[in-house]
Structures are given as C-alpha cells and as structure tokens.
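Peer 1: build me a structure from this.
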Amino acid sequence: MKNLKKVSAISINSSYTSVIMPPTEKGGQVTQCGNKTECALLGFVQDIGRDYESVRKANPEESFFKVSFITRMVTVKILCPI
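Peer 2: Now for the predicted structure:
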C-alpha cells in the first residue's frame with residue numbers, strides 16, 4: 001500500500017510532459033524526455049515494477065501551474081470523480 005501511494009504521488013505530481021522512452025536498441029539505455037529530476041523519479045516507479053503511464057491515464061491532467069523557479073514548486077490540477 002505504501003508503494004502504491006508513492007507511485008500515485010510521483011506519477012501525478014510530475015509534469016505530464018516528462019516521460020521515459022524505452023531503449024532503441026536491445027540492452028540500450030532509456031531516454032529521459034523532460035525534467036531530469038522528474039524522469040529519475042519516474043524511472044524509480046518503473047524500477048519497482050509499476051507503470052506511471054496507467055496512473056496518469058486514470059488521472060488526466062486538467063491544468064498545470066508553474067509557480068516559481070525560486071521555490072521550485074508547481075501545482076497540478078487533476079479531475080477526481082467523487
């Protein structure tokens with residue numbers, strides 16, 4: 001249960017433009033597209049055997065508000081059916 005919450009938090013609270021692309025060659029390295037810190041966290045999600053893309057599909061991004069480079073803080077608004 002702990003890992004599921006972490007996976008959801010990382011998947012939703014990272015920019016939806018940050019993605020991990022599979023290697024182009026067998027045995028090659030993945031390609032990180034977007035913010036490198038967020039990609040490292042998404043790589044962690046994949047390393048523990050989870051799929052961040054399915055979490056994102058279940059929680060589509062409605063709005064993404066970049067707050068400040070100084071505080072390094074962003075806000076993500078997702079649709080949450082009740």
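Peer 1: by mean pLDDT, point me to the weakest helix or strand of this structure.
Peer 2: Comparing helices and strands within the chain by mean pLDDT, DSSP states H and E singles out strand 61-68 as the least confident, with a mean of 64.
Peer 1: helix or strand right after the strand or helix carrying Gln46?
Peer 2: Applying DSSP states H and E as the criterion places Gln46 in helix 36-47. As assigned by DSSP H and E, the chain's next helix or strand after helix 36-47 is helix 52-58.
Peer 1: low-confidence regions, the chain specifically.
Peer 2: Scanning the chain for pLDDT under 70 picks out the ranges 1-2, 63-69, 71-82.
Peer 1: show me the contacts for Val45.
Peer 2: If a contact means Cβ atoms under 8 Å, 6 or more residues apart in numbering, then Val45 has 7, 10-11, 51-52 as its contacts. (C-beta placed from N, C-alpha, C; glycine too.)
Peer 1: actually Gln46, not the one I typed
Peer 2: Taking Cβ under 8 Å, 6+ apart as the definition, contacts of Gln46 comprise 20, 52.
Peer 1: in what helix or strand does Ile20 lie?
Peer 2: Secondary-structure element containing Ile20, defined by DSSP H and E: strand 19-21.
Peer 1: picking that back up, and the contacts of Val45, which two are the farthest apart?
Peer 2: Considering Cβ to Cβ, no two members of those lie farther apart than Ile10 and Asp51, which are separated by 11.8 Å.
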